[in-house]
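Asks: pasting a predicted model and its sequence here:
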Amino acid sequence: MISGISASPGIVFGNALLFKEKKIKINKKKISKKNILKEIKKFLKARKKSVQQINEIKIQAEKKFGKKKASIFEGHILLLEDEELEKEIITLIQKKLICAEYAIEKIIQEQITTLEKIKDEYLKNRSIDIRDIGNRLLKNILNIKVIDLNNIKKKIILITNDLTPSQTAQMNLKNIIGFATNLGGKTSHTSIMARSLEIPAIVGIGDITKRVKNGDFLILDSINNKIIINPNKYLIKKLKIKKKIYLKQQKKLESLKNLSATTIDGKKIKIGSNIGNYNDVINSKKYGSESIGLYRTEFLFMGRDNFPTEEEQFQAYKSVAKKMKGKSIIIRTMDIGGDKNLSYMKFPKEDNPFLGWRAIRVSIDNINVLRDQLIAIFRASEFGKFKIMFPMIISMEEIIYLKKEIKKIKIELKKRKINFDKNIKLGVMIETPSSAIISKHLAKEVDFFSIGTNDLTQYTLAVDRGNENISKLYQTMSPSILYLIKKVINSSHKQKKWTGICGELASNKKYTSLLIGLGVDELSMSSISIPIIKNIIRKINFIKAKKLAKNVLKQSTIKKVKKLIKNFNKKEGLL
Ligand code: PEP
Ligand code: MG
């Protein structure tokens, strides 16, 4: 039995598929003249196999994402079959008498270096495609198995070292019924995506890839944070009953979906959904969401080979607006960087990506990309109630700059005779200690705050949110974080503004009473958590919760904080 960090709830039964990406190690092997033809044939055979594989991916991608988006794979095939590339590799084998894999690696590397020197951003980014096809060629020549996550044919539970958010987005969910990883934390973006895709997952296990063998029969129970390898009949039966009970409880909770999230003494809390795309909006309805508290737009920018145009973005935002029928949508501008990269954008190699070129920093340095996005949002605002929010703010300078840009955009839109919501509200995410500390100044500049506790915890405690080795230190109930949350809420209320929480803390039922007591106005979370949080809010007495919060803020240790809350929840019959 193995445990880690429960990332997304559910119980599934299935065979393990070990997804291990072996490191490609290339040795320079000298060959004799009589083996030249053999090496050339080896290269051509690997290329043929690579083309076949990419063709398969292309067909699957066309079905899933449409012809246009799948065209990236057509490009990969053209690159692979490029006559110039073929000539260069063959010539190198013949002239230098070296093995095919070494020749491929050398030529591919040369092409990458040349492309990286070019000023043009588009061409520069093609180096990523060259690396991709180069790796595929090398894996095929060395007989390293290539597994494509969007092309899994049997129902399996995926076991792997780590998954990037874009790999998660591309997974074939019909057949990948759950996953478990060595790395990752509860608030890493892969875990967040798993929750919105409703795929059961346990992350941060450390050594799952060593303990599970391909084909092992597994029970992945992320309700109880357990993976059982090759269980006996008795255990399978027991867990099947548990699954039934869990699903029944979920159904019961879902029946509360249309009730208002109001405490017993009449304090109404706004409940929102965190979404990444249109499908998540449909799901949010299923769970009784009242609004969208966080629209992570970066997912629209991922899993493709170029920036979405203003028009494409407009269409995407408009469809969300139409589905929400006038209900509030807090749309966050692209938060890329950290653990979310774009294949078509060159990111510098950084020692600390989460402290580096991320979120609003990337947008400010690529102001045209941000402008396109803002224009698309303004255009869509004719069809729904958008509020714009900026991620990872650290200073007043940033917000003053952004407001100036918005002013310019409004003038441009008027010139273009485009209708838009003239009173669109602006907010910032409070994700850095700096923004929390200067919240009294920020509150004068914006209409609302949304506390991103995932990052606020990471940056305040200096604990990487995705690093399982230090996950014990990742404690949102630290007095330091609670102090900042209270400060932010007070700053907003003083200016008659409001504060929401859209980090994962908002969905942690253990702390709902505390957050309500601290005076938070809105909670936004993965839709799947909404029924349970609504149910708790409806049992809370606001006056008592305020007293609890006051007491909690006086505590000096995490242990004392947790104890007070636990006792309160028990006494009030909340959990
Ligand atoms: C957060 O940091 O709490 C947040 C909601 O943003 P993200 O998880 O996308 O970084
Ligand atoms: Mg964040």
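Replies: Thanks, I have the structure now. Residues are numbered from 1 along each chain as shown. Ligands and ions are numbered 1, 2, ... in the order given.
Asks: where do the strands of the stretch 301-450 of the chain begin and end?
Replies: Under the criterion DSSP state E, counting those that start in this stretch, the stretch 301-450 of the chain contains strands at 328-332, 385-390, 425-430, 448-451.
Asks: let me have those strands in a markdown table, adding mean pLDDT and mean neighbour count as columns.
Replies: Any C-beta I mention is one placed from the backbone N, CA and C, and that applies to glycine too. Output for the strands of the stretch 301-450 of the chain, formatted as a markdown table (pLDDT from 0 to 100; neighbours: other CB atoms under 10 Å):
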| stretch | mean pLDDT | mean neighbour count |
| --- | --- | --- |
| strand 328-332 | 98 | 24 |
| strand 385-390 | 98 | 23 |
| strand 425-430 | 98 | 24 |
| strand 448-451 | 98 | 26 |
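Asks: can you list the ones you listed in TSV and add distance to I72?
Replies: Listed next are the strands of the stretch 301-450 of the chain as TSV, based on distance: least, CB to CB, whole Å:
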stretch	distance to I72
strand 328-332	26
strand 385-390	30
strand 425-430	31
strand 448-451	34
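Asks: so which of those gets nearest ligand 2?
Replies: Closest to ligand 2 of the strands of the stretch 301-450 of the chain, according to CB to the ion: strand 425-430, at 6.4 Å.
Asks: for the closest residue to ligand 1 within the stretch 301-450 of the chain, what are its contacts?
Replies: The stretch 301-450 of the chain approaches ligand 1 most closely through E431 (4.8 Å), counting by CB to the nearest ligand atom. Contact partners of E431, counting by CB atoms under 8 Å, 6 or more residues apart in numbering, are P391, M392, I393, I451, G452, N454, D455, L456, Y459.
Asks: change it to 7 Å
Replies: For E431, the contacting residues are P391, M392, G452, D455, L456, Y459, by CB atoms under 7 Å, 6 or more residues apart in numbering.
Asks: do the same with I264
Replies: K539, I540, N541.
Asks: burial measure for the residue nearest to the second one when sequence neighbours are not counted, as a count.
Replies: Distances taken as CB to CB, 6 or more residues apart in numbering place T263 nearest to I540, at 4.6 Å, with adjacent residues excluded. Neighbouring residues of T263 were enumerated by other CB atoms under 10 Å; the total is 20.
Asks: do you know how far T263 is from ligand 1?
Replies: 24 Å (CB to the nearest ligand atom, to the nearest Å).
Asks: do F542 as well
Replies: 25 Å.
Asks: so that residue sits right up against I516, yeah?
Replies: Yes - the pair F542 / I516 is scored as a contact, 6.4 Å apart, by CB atoms under 7 Å.
Asks: between those two, which is the more surrounded one?
Replies: The residue with more neighbours, out of F542 and I516, is I516; 25 against 20, by other CB under 10 Å.
Asks: what about the helix or strand where the more buried one lies, near ligand 1?
Replies: Secondary-structure assignment from DSSP states H and E places I516 in helix 512-518. No - applying CB under 6 Å from any ligand atom, one finds helix 512-518 separated from ligand 1 by no less than 13.5 Å.
Asks: against which helices or strands is that helix packed?
Replies: helix 479-494, helix 530-537, helix 542-553, helix 558-571 (3 or more CB pairs under 7 Å, 6 or more residues apart in numbering; DSSP states H and E).
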